[in-house]
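A.B. asks: here you go, sequence then predicted model.
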Amino acid sequence: MKKHNFYAGPSILSEYTIKNTAAAVENFAGTGLSLLEVSHRGKEFVAVMDEACTLVKELLDVPSTHEVIFLGGGASMQFCMVPCNLLNKKAAYLDSGTWASKAIKEAKFFGEVEVVASSKDRNYSYIPKQYTVSPDAEYFHVTTNNTIFGTELHRIPDVGVPLVSDMSSDIFSRPVDVSKFDVIYAGAQKNLAPSGVAVVIVRRDALGRVERPIPSMLNYRIHADNGSMYNTPPVLPVFSALQTLKWYKEQGGIAALQKKNIDKATVLYDEIDRSRLFTGTAAVEDRSLMNVCFVMKEEYRELEGAFNEYASARGIVGIKGHRSVGGFRASIYNAMPQSSVEALVGAMQSFAQTV
Ligand SMILES: *Cc1c(COP(=O)(O)O)cnc(C)c1O
């Protein structure tokens, strides 16, 4: 039985990505060698890296002021690379979830961090909206989608200082005005590729302003100047990322994907809102289109384990909620077909009839 994969990350990838990656592991670009055993400096792989960067630029309409780079270390490495490259004295951060708070922790190694607002008071179930950012902050860091808590920034804030964003779990899910950002970064394993790489979009003239010396491997400029080949890049994840990007283009680009994402999320949230058994955990106006968090209503809470088993017998996997929220989380990234969301909704409905 084909599984309906709702895992939060690493997570579902398009069949196109999986098939082409598997084929390249056998025979890469007609070389007769595996993707795993060729030089990253050979012309075949250099072409992969170049095309991946070009497609990120094309799909997200990245202005010529910005560079696209692929870096190892995942999104968590960016928690320290961002302040290392951009924070001289002071930066502002929005504390909207676990990943945001980890970004804050790392930034504090480099300078003063102003946490302008936090939604920790209600277990990060909403996006804080009433705050001001000091005009002397060098950047304002936001997490556009809070993977664990199922909340998303539906409006990009306009605060008078450059933005930096962790878009790990919603990059490529909707159009974004890249010109408003000094840095956008995303770990690949939610909406792009296997884990092991992050895509980073950085404004060139935001670099070179800090006084500290920056170790080479942490220096955006060095990676940008070397075409993401300063050291050996994670070749397999980059190859897979290229396949996903090609598939996104074939799907009609980011606006078309956004439309599908809205349709998928609507079907699921409608069921949660109509259901006798289930209820959503995130503030309605801040609900994520990528990670849908819900629990069983108080009086049915003890049935959560039973529903998990019921769903898994129907090929629905990965819906167990993160331990800090409990209940369920259905991650419905770009590669998730509408039919899988409908399978989940069907299971929710038929389970309700047994109660
Ligand atoms: C998954 C995730 C991370 C962590 O990514 P790593 O690649 O494991 O470091 C950071 N931020 C967000 C929003 C995430 O969803």
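C.D. replies: Ah, there it is.

A.B. asks: for Gly30, grab the count of nearby residues.
C.D. replies: 7 (other Cβ atoms under 10 Å). C-beta here means a position set from N, CA and C on the backbone, and glycine is covered the same way.

A.B. asks: er, Gln349 actually
C.D. replies: 13.

A.B. asks: just the one 5 residues further on next, same as before
C.D. replies: In terms of burial, Thr354 registers 9 neighbours under the definition other Cβ under 10 Å.

A.B. asks: ok, now Glu44?
C.D. replies: That count, for Glu44 with other Cβ under 10 Å as the rule, works out to 16.

A.B. asks: cool, the one 4 residues further on as well?
C.D. replies: Burial of Val48, expressed as a neighbour count using other Cβ under 10 Å, amounts to 23.

A.B. asks: CA atoms of stretch 48-59 as PDB?
C.D. replies: Extracted in PDB, the C-alpha atoms of stretch 48-59 (Å, rounded to 0.1, in the frame of the first residue of the first chain):
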ATOM      1  CA  VAL A  48      23.700  20.800 -11.200                       C
ATOM      2  CA  MET A  49      24.700  23.400  -8.700                       C
ATOM      3  CA  ASP A  50      24.400  26.200 -11.200                       C
ATOM      4  CA  GLU A  51      21.000  25.100 -12.400                       C
ATOM      5  CA  ALA A  52      19.800  24.700  -8.800                       C
ATOM      6  CA  CYS A  53      20.800  28.300  -7.900                       C
ATOM      7  CA  THR A  54      19.300  29.600 -11.200                       C
ATOM      8  CA  LEU A  55      16.000  27.900 -10.500                       C
ATOM      9  CA  VAL A  56      15.800  29.200  -6.900                       C
ATOM     10  CA  LYS A  57      16.300  32.700  -8.400                       C
ATOM     11  CA  GLU A  58      13.700  32.100 -11.100                       C
ATOM     12  CA  LEU A  59      11.000  30.500  -8.900                       C
END
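
A.B. asks: and for it, what's in contact with it?
C.D. replies: The contact list for stretch 48-59, computed with Cβ atoms under 8 Å, 6 or more residues apart in numbering, reads 29, 40, 62, 68-70, 172, 199, 201, 227-229, 233, 235, 238-239, 241-242, 245-246, 248-249, 253-254.

A.B. asks: show the buried residues in those.
C.D. replies: 29, 40, 62, 68-70, 172, 199, 201, 228, 233, 235, 238-239, 241-242, 245-246, 248, 253-254 (16 or more other Cβ atoms under 10 Å).

A.B. asks: what about the residues you listed, which are in helices?
C.D. replies: Val235, Val238, Phe239, Ala241, Leu242, Leu245, Lys246, Tyr248, Ile254 (DSSP state H).

A.B. asks: the first one reaches Ser34, doesn't it?
C.D. replies: Read that as Val235. No - counting by Cβ atoms under 8 Å, Val235 does not reach Ser34; the two are 10.4 Å apart.

A.B. asks: how about Ser288, nearest residue that isn't a chain neighbour?
C.D. replies: Glu152 (4.0 Å; Cβ to Cβ, 6 or more residues apart in numbering).

A.B. asks: should've said Arg203
C.D. replies: Arg203 sits nearest to Asp182 (Cβ to Cβ, 6+ apart), 4.8 Å away.

A.B. asks: who's in contact with the one you found?
C.D. replies: Leu86, Tyr139, Pro162, Leu163, Val164, Val202, Arg203, Ala206.

A.B. asks: mind listing the helices for the stretch 101-250 of the chain?
C.D. replies: Shown for the stretch 101-250 of the chain, the helices assigned by DSSP state H, counting those that start in this stretch span residues 220-225, 235-250.

A.B. asks: now Arg209: phi and psi?
C.D. replies: Dihedral pair for Arg209: phi -100, psi -20, per degrees, to the nearest 10.

A.B. asks: ok so, going back, from Asp50, how far out is the residue nearest to Arg203?
C.D. replies: Asp182 is 24 Å from Asp50, where distance means Cβ to Cβ, to the nearest Å.
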